[in-house]
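In: Predicted coordinates and the sequence they were generated for:
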Amino acid sequence: MEILGDSVPNGGDPPVSLRSTLDIVKERFKEDEVILYLFEAYQIKGPEYSNRLLALVSSESGGTFAIIAFAYLRTPLTSVNELIVNKVFAIDDFFHIRQDCKGAIASQQFDLSTVEEGPIKYYYYPSESANYEEFFAKINSCQTLMAMNGPETVLNFRWLNDYRQIGEVKQELKKRESEYIIYKDIIIYCATWNVNNKPCWDSDGALRSWLGCSEQPPDIYAIGLQELDTPAKAMLNSTQVEASVAQWIKKMGESVHPDVEYEILQSHRLVGIMLTVIVRKQLLHNILRCRLKSVARGVFNTLGNKGGVAISLQLNEGNICFINSHLAAHMGYVEERNQDYQAIVEGMRFDDGRIINDHDHIFWLGDLNYRIQEPPGQQRPGPLSDAQTYELLLQYDQLASEMRKGKCFEGYTEGEIKFRPTYKYDPGTDNYDSSEKQRAPAYCDRVLWKGSRIEQLAYNSVMEVRQSDHKPVYAVFRVKIKTRDEVKYKRVQEEVLKAVDKRENDNQPQINVEKTVIDFGRVRFNEPCTRDFNVYNTCPLPADFSFKEKDIRAICEPYLQVDPSEDSLLIDSARSIRLKMHADVRTIRGLLKKIRASDNFDILILHVKNGRDIFITVTGDYQPSCFGLSMETMCRTDRPLSDYSQDQIKVLMNDNSPEYRVTMPREFFLLIDFLYKQGAEQEGSFPQYDARHTLNGNFNAVRDWLDTWSSDPFPGTAATAAQALMLLLDLPEKPLLEPFVEDLLTSKSKSRAMDYIALLSPPKRNVFMHLCMFLRAGIECQYYDMHEVAATFGRILLRGTECTAWMDYHSRCSQFMRMFIDTDTETMGNGGESGAGSGSGSGAKASGLQA
């Protein structure tokens, strides 16, 4: 990457040898912004190194310098779209560059900091050492040039707003403003009056004669009052002062142009200085922002009898600032007035960070107190109402003189004065001061402006207002306010969004996926299946990918496996991903729960590091099986489960009605009937609890026999049937004896337990009673050990609750089951219902189990 040592303005033709990186970076800046130096650096975040390009830039319009730090993803740069603004460092009084003396590579690192950023650490490679020294010297040179500005100079860094972190879309829209911005005329009426501590008095319409002088109804009024009340009065009677202020605001609102409906936007007061902004009611929705600020001056520079108040607002796309100030009094206090002005400029920072000069249109009004300093013995040519006299007096105007010297109001403009001096009058008259002091007439009350597209239409005083020793002054302006053409803006915005989106895609690692829907087709219980798909890296960057964890704290549902779950792809490379699905005894509950709530098996999130996520839908068609279904769901079927589709069984699983086609599942009865008929062959057939999920080799044949209601011989042994029976009871989401598990575990007698059993749904109640009859019969024939069977089935039927944390949970489960299967206890009553089978333990042994 080449380093630039000579200034090359944007838009110029650099030598051929300096093209490439420089030309690309220049495209990010405006024509009046000059790149002084480019320096290649990097930052370290954890194990990662991130490239940075530091551009030292000057602005001809702002007269200031800054460093813009760009991030970029690849070298060499090929397009300006690859540059992303990372940090902005204004080279102002708060800017520092410091060589870091800590760390293992101390000689190749430095910090940049400003009042807004920092310290931000950067590193550079040893090969760049000479260039760093030159970069450092260039920065010092810029700081020296900045320091040569006098203390009264206001530095303009507004140009940096286009590069701060406002987002790529906003930056692009700002660059294309000319395509959608139009300018609408707004009439602004600025008025100022030192009321000399007089109460609001408007019986003769004096305020209307001051505020209603514009033929065309103004859009905005900015009205400044001074000496609204003295500090002493304000401290002695604040309630009276507030009432007086409210009366002034009310009267001013009633005295504006009568042909338009207005509303008071804001009023801001600092002791006796008040600024009120009144706007057309229909303009209110166009005012997007309004901020207030004041700066106190006067006694000890804090009392506030002098100082300024300001209101900042945004109208459409234009930023407007109104300032009302009352500066130091008396003929000889010129420097104090200049100091007041500078203090107001420096202290007037609104809470959104704007300063006065950050506005497009600035209007400064008030009692500025600059006097007419005539040479001794100067003889006026005529009366003070004569235009020739005004011209002569203004030659000795302190304000104009100080502005020419650059000591105050730099860049401001004032319209031509064609009215009498506004101070000092005998109140109630048009006569100048006749008191013992006989103060010289002066133009204390002024209105100035700064900014573009401002035309003054009127500037005058109102002689007929006589309550104060000052005459009120007004100025009318036509301002062309920057406004957005919404139709054009929408078109440009759409284009920008598309361009930024494409740029982001081009600058991000990205991969293509062969397919975003993985369909497993027919999925069966206890039969694994796999699907493969490819991912490709087609971008000019290596890409790291991984499947992202979701709210289930895993990358996928338990019945799915992804291999590999993460990997790296080189440029123009591909990788095969294998997705395995296995709905077995450990995962079937999760799959059935998912089917109840969703149409898909899962959605995988393929995350590309520093890129966009890709969503992959996993789907298929589950073939329902009896394993995992509740007893109620199976009792709602009218045909074998193999004849049902996934959508059909989903409807039955979500059916909470008490209506059933049968009162005991056929699959359950088929198993216990087969086992009962095996006689002594069933001895010891039930496995231990911990071994219940270890399936026999021909288990799937048993599954099909049950799911088809097959009339063929049972395809297995008594042990296979016993295991299938245990799984039929163990795999549903809720245990058979839910919701009375805790009640049953704490029941002290069989009769109390039977009260809860009677409250179960018919399918659950019948299954439990027939299971107990079957087990009791087997125990009587000594096919099963009563204690082992009680321990195993007790934990299956009473599983999955908070009770499992009890210290004696296992013994309680066994105790509960023994109440129903121990042959030494009293014979159970017939708990079956019509058509569900009947008989006691001995009856079942004698006559068989009836379906």
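Out: Thanks, I have it. Residues are numbered from 1 along each chain as shown.
In: Check the offset of stretch 282-296 from the chain's centre.
Out: Here the centre of stretch 282-296 is set off from its chain's centre by 25 Å, with Cα atoms, centre = their mean, to the nearest Å.
In: ignore the last one, stretch 43-52
Out: With Cα atoms, centre = their mean, you get 25 Å for stretch 43-52.
In: Endpoints of that stretch, how far apart?
Out: Start-to-end span of stretch 43-52 (Cα to Cα, to the nearest Å) is 7 Å.
In: Just say helix, strand or coil for Met146.
Out: Judged by DSSP: H, G, I helix; E, B strand; the rest coil, the three-state class of Met146 is helix.
In: neighbours around it, how many?
Out: For Met146, the count of nearby residues is 17 (other Cβ atoms under 10 Å). Where C-beta positions appear, they are placed from N, C-alpha and C, glycine not excepted.
In: quick one, what contacts it?
Out: Counting by Cβ atoms under 8 Å, 6 or more residues apart in numbering, Met146 touches Thr64, Phe65, Ile91, Asp92, Leu155.
In: So which bits of stretch 244-254 are buried?
Out: Neighbour-count burial for stretch 244-254, counted by 16 or more other Cβ atoms under 10 Å, picks out Ser244, Val245, Trp248, Ile249, Lys251, Met252, Gly253.
In: now swap in stretch 655-673 and tell me
Out: Buried-residue list, stretch 655-673, by 16+ other Cβ under 10 Å: 660, 662-673.
In: now do stretch 311-331
Out: 311-328.
In: what's the answer for stretch 684-703, then?
Out: Ser685, Phe686, Pro687, Tyr689, Arg692, Leu695, Phe699, Asn700, Ala701, Val702, Arg703.
In: avg pLDDT for it?
Out: On average, the pLDDT along stretch 684-703 is 83.
In: Start and end of that stretch, how far apart?
Out: Stretch 684-703 end-to-end distance (Cα to Cα) = 22 Å.
In: and what of stretch 649-663?
Out: Termini of stretch 649-663 sit 18 Å apart (Cα to Cα).
In: Look at Ile68 and give its secondary structure.
Out: Assignment for Ile68 (three-state DSSP): strand.
In: How about Gly332?
Out: With three-state DSSP as the basis, Gly332 sits in coil.
In: switch to numbering from 668
Out: Sure, I'll start counting at 668 from here, so that last one is Gly999.
In: in the stretch 1368-1517 of the chain, which spans are helices?
Out: Ranges of helices in the stretch 1368-1517 of the chain, per DSSP state H, counting those that start in this stretch, are 1385-1397, 1408-1412, 1417-1424, 1429-1447, 1453-1464, 1476-1488, 1508-1514.
In: now for those, which one comes closest to Lys1317?
Out: Closest of these to Lys1317 is helix 1429-1447, at 18.8 Å (criterion: Cβ to Cβ).
In: Quick check: pLDDT value at Phe1336.
Out: With respect to pLDDT, Phe1336 has a value of 95.
In: With just CA atoms, put the one helix or strand it maps to into PDB.
Out: Here Phe1336 is covered by helix 1333-1344, with elements defined by DSSP states H and E. Output in PDB follows, covering the C-alpha atoms of helix 1333-1344 (Å, rounded to 0.1, in the frame of the first residue of the first chain):
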ATOM      1  CA  ARG A1333     -55.700 -52.000  21.200                       C
ATOM      2  CA  GLU A1334     -51.800 -52.000  21.000                       C
ATOM      3  CA  PHE A1335     -51.600 -52.200  24.800                       C
ATOM      4  CA  PHE A1336     -54.100 -55.000  25.000                       C
ATOM      5  CA  LEU A1337     -52.400 -57.000  22.200                       C
ATOM      6  CA  LEU A1338     -49.100 -57.000  24.200                       C
ATOM      7  CA  ILE A1339     -50.500 -58.100  27.500                       C
ATOM      8  CA  ASP A1340     -52.700 -60.700  25.800                       C
ATOM      9  CA  PHE A1341     -49.700 -62.100  24.000                       C
ATOM     10  CA  LEU A1342     -47.600 -62.100  27.300                       C
ATOM     11  CA  TYR A1343     -50.400 -63.700  29.300                       C
ATOM     12  CA  LYS A1344     -50.800 -66.600  26.800                       C
END
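In: Span of stretch 1238-1253 from start to end?
Out: OK, stretch 1238-1253 end separation, Cα to Cα: 40 Å.
In: Arg956 sits in which helix or strand?
Out: With elements taken from DSSP H and E, the one containing Arg956 is strand 954-964.
In: helices or strands up against the one helix or strand Val908 maps to?
Out: Assessed by DSSP H and E, Val908 sits inside helix 905-921. When contacts are defined as 3 or more Cβ pairs under 8 Å, 6 or more residues apart in numbering; DSSP states H and E, helix 905-921 packs onto helix 873-878, strand 887-893, helix 898-903, strand 929-937, strand 940-947.
In: Buried ones in the longest one, by neighbour count?
Out: So the one you mean is strand 929-937. For strand 929-937, burial by neighbour count (16+ other Cβ under 10 Å) applies to Tyr929, Ile931, Leu932, Gln933, Ser934, His935, Arg936, Leu937.
In: is it true that Leu892 touches Leu937?
Out: No. In this structure, Leu892 is not within contact of Leu937 by Cβ atoms under 8 Å, at 11.1 Å.
In: Please, where are all the helices along the stretch 718-867 of the chain?
Out: Along the stretch 718-867 of the chain, counting by DSSP H, counting those that start in this stretch, helices occupy 796-814, 835-842.
In: ranking those helices by mean pLDDT, which is last?
Out: Looking at the helices of the stretch 718-867 of the chain, the bottom one is helix 835-842 with a mean of 78.
In: The buried residues of stretch 1351-1370 in helices, which ones?
Out: Among the buried residues of stretch 1351-1370, the residues falling in helices (DSSP state H) are Phe1366, Asn1367, Ala1368, Val1369, Arg1370.
In: Give me the nearest residue to the third one, chain neighbours excluded.
Out: Among residues not flanking Ala1368 along the chain, Pro1382 sits closest, at 4.1 Å (Cβ to Cβ, 6 or more residues apart in numbering).
In: same question, the first one
Out: With Cβ to Cβ, 6+ apart as the criterion, Phe1366 has its nearest non-adjacent residue at 6.4 Å, and that residue is Asn1193.
In: Could you check the pLDDT of the one you found?
Out: At Asn1193, pLDDT is 95.
In: ok, now the one 4 residues further on?
Out: What the model reports as pLDDT for Thr1197 is 97.
In: who are the neighbours in contact with Ala1210?
Out: Ala1210 touches Pro1176, Gln1177, Ile1178, Asn1204, Ser1235, Leu1236, Val1275, Lys1276, Gly1278, counting by Cβ under 8 Å, 6+ apart.
In: Filter these down to the buried ones, ChimeraX style.
Out: The ChimeraX command for the buried members of the contacts of Ala1210 (criterion: 16+ other Cβ under 10 Å) is given here:
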select :1176,1177,1178,1204,1236,1275,1278
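In: want to throw the contacts of Ala1210 into JSON lines with secondary structure?
Out: Compiled in JSON lines, the contacts of Ala1210 are given as follows (three-state DSSP):
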{"residue": "Pro1176", "secondary structure": "coil"}
{"residue": "Gln1177", "secondary structure": "coil"}
{"residue": "Ile1178", "secondary structure": "strand"}
{"residue": "Asn1204", "secondary structure": "strand"}
{"residue": "Ser1235", "secondary structure": "strand"}
{"residue": "Leu1236", "secondary structure": "strand"}
{"residue": "Val1275", "secondary structure": "strand"}
{"residue": "Lys1276", "secondary structure": "coil"}
{"residue": "Gly1278", "secondary structure": "coil"}
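In: List the contacts of the strand holding Arg956.
Out: Contacts of strand 954-964 (Cβ under 8 Å, 6+ apart): 932-933, 935, 937-938, 940, 946, 969-971, 973-983, 994-995, 1007, 1010-1011, 1014-1019, 1021.
In: now that strand: how far from the chain's centre is it?
Out: 27 Å.
In: tell me what the next helix or strand along the chain from that strand is packed against?
Out: Going down the chain from strand 954-964, the next helix or strand is strand 973-982, by DSSP H and E. Using 3+ Cβ pairs under 8 Å, 6+ apart, the elements in contact with strand 973-982 are strand 929-937, strand 940-947, strand 954-964, strand 985-993, helix 1001-1014.
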